[in-house]
Each structure stands twice: as structure tokens, then as C-alpha cells.
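**Q** When you get a sec, could you give me coordinates for this:
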Amino acid sequence: MKWNTFPVEVVFSRKETPAILHLGFRRADGQPFQFQAGQFINLHFDRDGAPAHRSYSVANAPGESDVFEIAISPVQGGLATRALGSARPGDQLTASGPYGRFVLKDDPPCRLILVGTGTGITPYRAMLPSLVRRVASEGFRAHVLLGVWRRDETLFAGDFLAARDTHGIDFTACYSREFPDQPDEWEHSGYVQTAFENLGLHPESDIVYLCGNPGMVDAAAAWLKERDFGSRQVRREKYVSARN
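**A** Below is the predicted model:
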């Protein structure tokens, strides 16, 4: 496949959680990078003389600036982990995109349930301004569910909590391994799909987005199918980690 690639420059690189790396880029050719919230980019690498690429959802909203952001969960010995882990501001890489249809659609007013595990939360961070507008003026409700092992892995939780406090967008962090001794009211013990029981989900009033670990996506989709959610009410994006 021939990719329509372009050069990008690293703007910043920082740890967002103890494990997850948060990077910002801008196009190095002076052209704008136009995308829809929920889409992803490819970063291209050379692997022993052969081309390779890795895909990352854009983690910030369109039009905020000329910088677009990603979050990367490291894979031990991974090609992208090595390259991006050592990247510094000013370094240049090759990218292509945007790609993907995991975006907010022109649905009638409903409740949007946005479910992500780990870095699968990043598309919803990009969607936040659109969610705020819908909740404020179009009769929508929104609830973001983040699934991680423990509290220190709650990627971008501050952004979602700010949207909850200021704009009424609900947020729940679900911990599958370690639950705090003194949890906040937005914290839940168990896999992310176990929080569904508390939400009173209904296919006539709710649309569910699922993003991240394939096991979670499949388990959640099966749970929803058993409760009469069809393909129009369930939208999926699986993150499959490359091993090298």
C-alpha cells in the first residue's frame, strides 16, 4: 500500500502516567493537519530496512492548535516504544493520516456511553469539546468509562473530571486489580463492563462506543448484544499491540 506521508516534528514528550508516554507533534512541512475527533494517525518507521508503521488515536480536539497529540503504552522491546521513548522536541518522524470512522455521528439526542481501556480513552478526550456542546444545547447526555488496573494509570482523568464538574459529563474510572482504600465517588471496582449494570443501559436511549483492549471490546459487545443492542447502537475500535 502506498501511504500519503508527511514529515512531523516532536513538540513535546512527557510521562502522563508512570507508564504512558504523551507526545505532541506538528507538521514539519507547514501544512495544517486536519482530522475529526476519534480518528487516528500512522507513524512510520524503518525496521531492519523494511517499512513499518504503528497507529495512534489523536488525543486532542481538532482546531485547538497546530499540535496534535498521541498517547503510547510501551511494549517491551517494541519498535515504536524504542523510537518514541527516545524522541525529543525538534526530532522529525514520518506520519500519514488521518484514518478511521470511530467518530461522533449525527445521532438524535441520546445518552452516549464512551468506554475505553488504557490509551483507548484518547479518542474521547479529543471528543470532549463536541460532547460539551451536545450536552449543553442538544439534549444529549454523556458518560465516559475508563478501565485500568489501578488509580495511578487513569490517563487524562483530570480532563474528564473537569468536564464532569463544569459541564455535567459523567466519568467513572474502573480498577480491575487495585481499588483505593478511600475511593472517590467516581471510582469503581471491577472491569469496565461491570459498571454497565449501574447505568441502566437501554438500546432505545443509549449509544455505546467501545475502544481499547480487544478482550474488553468483545466482552462488552457480547453483554450489550444479549440486551438487544444492535450494530447501530454499538461502535467499536480495537487496539491490537504490536509485539516488536
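
**Q** and the protein, what are its domains?
**A** 5-99, 111-238 (automatic domain parsing).

**Q** Out of these, which is closest to Lys105?
**A** Closest to Lys105 of the domains of the chain is domain 111-238 (C-beta to C-beta; 8.1 Å). Backbone N, C-alpha and C define where each C-beta goes, glycine included.

**Q** which other helices and strands contact the host helix or strand of Arg82?
**A** Taking DSSP states H and E as the criterion, Arg82 maps to helix 79-85. Applying 3 or more C-beta pairs under 8 Å, 6 or more residues apart in numbering; DSSP states H and E, we find helix 79-85 packed against strand 21-27, strand 40-47, strand 50-57, strand 68-72.

**Q** in its sheet, what does the last one sit against?
**A** In the sheet containing strand 68-72, its partner strands are strand 21-27 (antiparallel), by DSSP bridges.

**Q** on that earlier part again, looking at the helices and strands packed on helix 79-85, which one is packed in the most?
**A** Mean neighbour count (mean count of other C-beta atoms under 10 Å) peaks for strand 68-72 among the helices and strands packed on helix 79-85, with a mean of 23.

**Q** Run the angle between that one and strand 40-47 for me.
**A** Going by axes from the mean of the first three to the mean of the last three C-alpha atoms, to 10 degrees, strand 68-72 is angled at 60 degrees with respect to strand 40-47.

**Q** now for the helices and strands packed on helix 79-85, which one comes closest to His188?
**A** Of those, the one closest to His188 (C-beta to C-beta) turns out to be strand 68-72, at 21.7 Å.

**Q** mind listing the strands for this protein?
**A** Along the chain, counting by DSSP state E, strands occupy 5-15, 21-27, 40-47, 50-57, 68-72, 92-99, 111-117, 141-148, 170-175, 187-189, 206-212, 234-238.

**Q** tell me the centre residue of this protein?
**A** Residue closest to the average C-alpha location in the chain (C-alpha atoms, centre = their mean): Thr122, at 2.3 Å.

**Q** Rebuild the strands of the chain as JSON lines, extending it with mean pLDDT and distance to Phe33.
**A** Below are the strands of the chain laid out as JSON lines (pLDDT from 0 to 100; distance: least, C-beta to C-beta, whole Å):
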{"stretch": "strand 5-15", "mean pLDDT": "97", "distance to Phe33": "8"}
{"stretch": "strand 21-27", "mean pLDDT": "98", "distance to Phe33": "5"}
{"stretch": "strand 40-47", "mean pLDDT": "94", "distance to Phe33": "8"}
{"stretch": "strand 50-57", "mean pLDDT": "93", "distance to Phe33": "13"}
{"stretch": "strand 68-72", "mean pLDDT": "97", "distance to Phe33": "5"}
{"stretch": "strand 92-99", "mean pLDDT": "97", "distance to Phe33": "8"}
{"stretch": "strand 111-117", "mean pLDDT": "98", "distance to Phe33": "23"}
{"stretch": "strand 141-148", "mean pLDDT": "98", "distance to Phe33": "25"}
{"stretch": "strand 170-175", "mean pLDDT": "97", "distance to Phe33": "28"}
{"stretch": "strand 187-189", "mean pLDDT": "95", "distance to Phe33": "35"}
{"stretch": "strand 206-212", "mean pLDDT": "98", "distance to Phe33": "21"}
{"stretch": "strand 234-238", "mean pLDDT": "96", "distance to Phe33": "20"}
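
**Q** Much appreciated, bye for now.
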